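Q: sequence plus predicted model, see below.
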Amino acid sequence: MIAALRSTGHARRARAGDLWRHRRAAPVRPFHRMIVGALAGFGLVAVLRLVDWWFRPDHVAQPVLFAVLSLAFWYGVGRIVLSWIGYSRIAAPPHVPAPDGRTVAIFTTSSPGEPLAMFERTLAACARVRYPHTTYLLDDTRDPAFRACAARHGAVWLELVGLPGAKAGKINAALERTTEEFVLVLDPDHLPFPEFLDRVLGHFDDARVGFVQVAQAYYNQARSFTARGAAEQTYAFYGPVQMGLHGLGACVAIGANCTFRRAALQSIGGHGIGLAEDLVTSIRLHGAGWRSVYVPEVVSRGLVPEDLGSFYKQQLKWARGVYEVVFSELPVLFGRLGWWQRLSYLTIGTYYVYGVTALLFLIFPYLYLWAGLQPAAMRFAEFLVEAAPVAVLGVLLYALVQRWMVHPATERGTHWRGLVLKFACWPVFLAGTVLAVARARIPYIPTAKEAVRGRFLWLAWPQLLLLGVYGATLARVVMGRLHDPREGTLALSAEAVWGMVGFATLPVLLSLGVFHAAWQARRPAPGAPWDSVDPLAIGGEA
């Protein structure tokens, strides 16, 4: 037994150490691209068949409801098709060695309330980055301990207090006080590997390149259900999705791990300001004619939210901010962007419409089961037959492109936790959509770096409400059919009734995962995620 426990402990330490090795996505072979292209082609044919079947006149029951249902359904299918197009253009740039003699700054920011111990690890890791550089701590904590921390690790401390624009405001102020040719913007929870700059600077040999983005990866995803689900939501994006966008000339800058050419930032008046400041900066740089490069490699690791409440707050901030790209930036820059760039930013900017479509899909079964209102006159079994090819090809494509995740050994899978968290966030996405339409402002609040204790009822009340409505509805259906099988519209078709019950059941099953995440938030994992990280052991080839 003792030997087994020791073996398990060694295995866990090995897996933890494995996270801190340099990783890169698998090379893109012509054979694999051919398979992806073929499957995407078959998928488009299946979608066109489904379109032809869906919009038959005899399928319209209530015209207004059918139109609303169609918008919600085809919004989802459309996003799947766009992902297939991206997959068919997956590409990765060849490595270009970093030339000598470039001047580089690493900017990381600190805000009041952020833990000093985290900065000890981050600045220690920055000091070990091999390519000559200067690290700057952009600080507005008013705490002398942060200045001392910067000094201990050879970083330059810049006090930037009370500036508008939150993180982006501090970056712009630091740009005015520094002169380096290239700037790596690093979130304070991300620990760079020693080889970070060696993997990106060579791409700036092309004078047209304005920024180089690398993959974003994490080291705390095993600490909670929420952390694992939040990480799962990003695996495809930082692998095949961004690689596809790179192939289309439209990869986007993310708030962490992005290296900018100073001249590019100056050409657009500095780093963009807003709740989605990274996306604003990205679209402005593309609009100004700068090229982007995506390097699908893990050369740093950071944190995802560990508790459901912190995750909700992060998603609300992003939901409100991302709409600014569609409402404010895209109309102004539309003529300066390429077609694929326009489509990419429109797709990213409308991601949070899911909050509206999820609400509609929740409502439709209950409209039928309580009021007999039916948007579409479709046989449930026939719908499953027609939609099955689209679903099967979608699953096959998603399974295939997982070969291009940046760390497949830890990132491949069904990612069902990520799906659960996406469903959990539909009220948050809906709130972000409403706030964006109303142009309401919400403050920029840095995502919590440590788990925050949450209250179960506050975190899970939408799912509890859904569970209550579902239970009452199911009881009504069962009692009605047992005692009066001829009663009303529900008795006309057992297939329609139980099909709608099936659609209503799926969200309830997803709610079980939400309940687990909310319950777990009552008692966060002990300690801080960086407690076990040794900056001296970070980096190196896998």
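A: Thanks, I have the structure now.

Q: which phi and psi values does the residue positioned nearest the centre of the chain adopt?
A: Taking CA atoms, centre = their mean, the centroid of the chain lies closest to Thr234, which sits 4.6 Å from it. Thr234 adopts backbone torsions of phi -100, psi -10, taken as degrees, to the nearest 10.

Q: now stretch 201-215: buried residues?
A: Going by neighbour count (16 or more other CB atoms under 10 Å), the buried part of stretch 201-215 is 201-204, 209-215. Placement of C-beta: from N, CA and C, glycine included.

Q: work out the gap between it and the centre of the chain.
A: 23 Å (CA atoms, centre = their mean, to the nearest Å).

Q: just the CA coordinates of it, formatted as CSV?
A: Output of stretch 201-215 as CSV, limited to C-alpha atoms (Å, rounded to 0.1, in the frame of the first residue of the first chain):
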residue,chain,number,x,y,z
LEU,A,201,10.6,37.6,-32.0
GLY,A,202,11.8,36.1,-35.3
HIS,A,203,8.4,36.6,-36.9
PHE,A,204,8.9,40.3,-36.7
ASP,A,205,11.5,40.0,-39.4
ASP,A,206,8.5,40.7,-41.6
ALA,A,207,8.1,44.4,-41.2
ARG,A,208,4.3,44.1,-41.8
VAL,A,209,3.8,42.0,-38.7
GLY,A,210,2.2,44.1,-35.9
PHE,A,211,1.7,41.4,-33.3
VAL,A,212,2.5,37.8,-32.5
GLN,A,213,0.1,35.8,-30.3
VAL,A,214,1.0,32.5,-28.6
ALA,A,215,-1.3,29.9,-27.0
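
Q: could you give the average pLDDT over the helix or strand Leu466 falls within?
A: Assigned by DSSP states H and E, Leu466 falls within helix 456-483. Across helix 456-483, the average pLDDT comes to 89.

Q: please apply the same query to stretch 322-341.
A: Rounded mean pLDDT across stretch 322-341 is 93.

Q: and Gly249, what does it touch?
A: For Gly249, the contact set (CB atoms under 8 Å, 6 or more residues apart in numbering) comprises 291-292, 338, 340-341.

Q: again, but for Trp458
A: Gly309.

Q: ok, now how distant is it from Trp318?
A: 20 Å (CB to CB, to the nearest Å).

Q: follow-up on the earlier one: for the contacts of Gly249, which one is nearest Ala448?
A: Nearest to Ala448 among the contacts of Gly249 is Ser292, at 29.8 Å by CB to CB.

Q: you'd agree Thr108 is in a strand?
A: Yes - using DSSP: H, G, I helix; E, B strand; the rest coil, the assignment for Thr108 is a strand.

Q: beta partners for it?
A: Leu137 (DSSP bridges).

Q: all helices for the stretch 251-400 of the chain, in order.
A: Counting by DSSP state H, counting those that start in this stretch, the stretch 251-400 of the chain has helices at residues 262-267, 277-287, 308-324, 330-333, 339-349, 354-371, 380-401.

Q: picking that back up, same question for the helix or strand that the helix holding Leu466 is followed by, mean pLDDT?
A: Following helix 456-483 in sequence order, the next helix or strand is helix 494-520 (DSSP H and E). Across helix 494-520, the average pLDDT comes to 90.

Q: helices or strands up against helix 494-520?
A: Packed against helix 494-520, as judged by 3 or more CB pairs under 8 Å, 6 or more residues apart in numbering; DSSP states H and E, are the following elements: helix 225-235, helix 308-324, helix 354-371, helix 380-401, helix 416-424, helix 456-483.

Q: off-centre distance for it?
A: 24 Å.

Q: and that helix, what's buried?
A: Within helix 494-520, the residues that count as buried by 16+ other CB under 10 Å are 496-497, 499-501, 503-504, 507, 510-511, 513-518, 520.

Q: now do that helix against helix 225-235, angle only.
A: 120 degrees (axes from the mean of the first three to the mean of the last three CA atoms, to 10 degrees).

Q: number the chain from 34, please
A: Yes, from this point I'll number from 34; that puts the last item at helix 527-553.

Q: ok so, going back, show me the buried residues of stretch 234-248 that map onto strands.
A: Secondary structure from DSSP state E places 242-247 of the buried residues of stretch 234-248 in strands.

Q: which of the residues you listed lies closest to Leu497?
A: Nearest member of these to Leu497, counting by CB to CB, is Gln246, at 39.8 Å.

Q: among the contacts of Gly282, which two are most distant?
A: Across these (CB to CB), the longest gap, 12.9 Å, separates Arg324 and Trp373.

Q: His549 versus the spatially closest residue to Leu452 that is not a sequence neighbour, what's the distance?
A: In space, Leu452 comes closest to Leu543 once its chain neighbours are excluded; the distance is 7.1 Å by CB to CB, 6 or more residues apart in numbering. With the distance defined as CB to CB, Leu543 ends up 11 Å from His549.

Q: the closest residue to Ile316 other than its chain neighbours: what's it in contact with?
A: Nearest residue to Ile316, sequence neighbours excluded (CB to CB, 6+ apart): Glu362, at 5.0 Å. Contact analysis of Glu362 by CB under 8 Å, 6+ apart lists 313, 316-317, 320, 378.

Q: just the closest of these to Arg294, please.
A: Among the contacts of Glu362, and counting by CB to CB, the member closest to Arg294 is Arg317, at 13.5 Å.

Q: give me the nearest residue to the closest one, chain neighbours excluded.
A: Nearest residue to Arg317, sequence neighbours excluded (CB to CB, 6+ apart): Ile301, at 4.3 Å.

Q: isn't the one you found right next to Ile316, touching?
A: No - applying CB atoms under 8 Å, one finds Ile301 not in contact with Ile316, separated by 9.7 Å.

Q: more crowded one of the two?
A: Ile316 (31 against 18; other CB atoms under 10 Å).

Q: count the residues that sit near the nearest residue to Gly198 once chain neighbours are set aside.
A: Distance criterion CB to CB, 6+ apart; nearest residue to Gly198, sequence neighbours excluded, is Ile306 at 4.1 Å. Counted by other CB under 10 Å, the residues lying close to Ile306 total 18.

Q: isn't Ile306 up against Lys200?
A: No - Ile306 is beyond contact range of Lys200, at 9.0 Å (criterion: CB under 8 Å).

Q: hmm, Gln246 is touching Asn290, no?
A: Yes - in this structure, Gln246 is within contact of Asn290 by CB under 8 Å, at 6.8 Å.

Q: so who does Ala414 touch?
A: Glu528.

Q: rerun at 10 Å
A: 528, 532 (CB atoms under 10 Å, 6 or more residues apart in numbering).

Q: need the contacts of Gly282 in TSV with neighbour count, can you?
A: Formatted as TSV, the contacts of Gly282 follow (neighbours: other CB atoms under 10 Å):
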residue	neighbour count
Arg324	17
Ser325	25
Gly371	12
Trp373	17
Gln374	24
